[in-house]
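Student: sequence plus predicted model, see below.
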Amino acid sequence: MSKEDMRREKLYQTTMHIARKMLTEGIISEEEYQRVDKIFLEKYKPVFGTLFSNTR
């Protein structure tokens, strides 16, 4: 894994951690969470993030 791959992975995981917290606190809906996940999967193209994603 290159440094750039690691950087993208960390950005994706951090972003989704925040989104999951917002979901569990009721700040965003499941539908909004799914949209966020899709957007950031496309943006960051994480290596491992897709293993944990609900969007396929």
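Tutor: Received the coordinates, thanks. Numbering: from 1, shown residues only.

Student: output the longest helix belonging to the protein.
Tutor: Longest helix of the chain, by residue count under DSSP state H: helix 3-24.

Student: distance between it and the chain's centre?
Tutor: 5 Å (Cα atoms, centre = their mean, to the nearest Å).

Student: tell me how far the next helix or strand after that helix lies from the chain's centre.
Tutor: Using DSSP states H and E, the helix or strand that follows helix 3-24 in sequence is helix 30-44. Chain-centre distance of helix 30-44: 6 Å, with Cα atoms, centre = their mean.

Student: check which residues of helix 30-44 are buried.
Tutor: 33, 34, 36, 37, 40, 41, 44 (16 or more other Cβ atoms under 10 Å). For glycine as for every other residue, the C-beta is placed from the backbone atoms N, C-alpha and C.

Student: the first one and residue 20 touch, don't they?
Tutor: Yes - because the distance of 7.4 Å satisfies Cβ atoms under 8 Å, residue 33 is recorded as touching residue 20.

Student: shaky segments in this protein?
Tutor: 49-56 (pLDDT under 70).

Student: just want the most central residue of it.
Tutor: residue 16 (3.7 Å; Cα atoms, centre = their mean).

Student: I appreciate the help and will end here.
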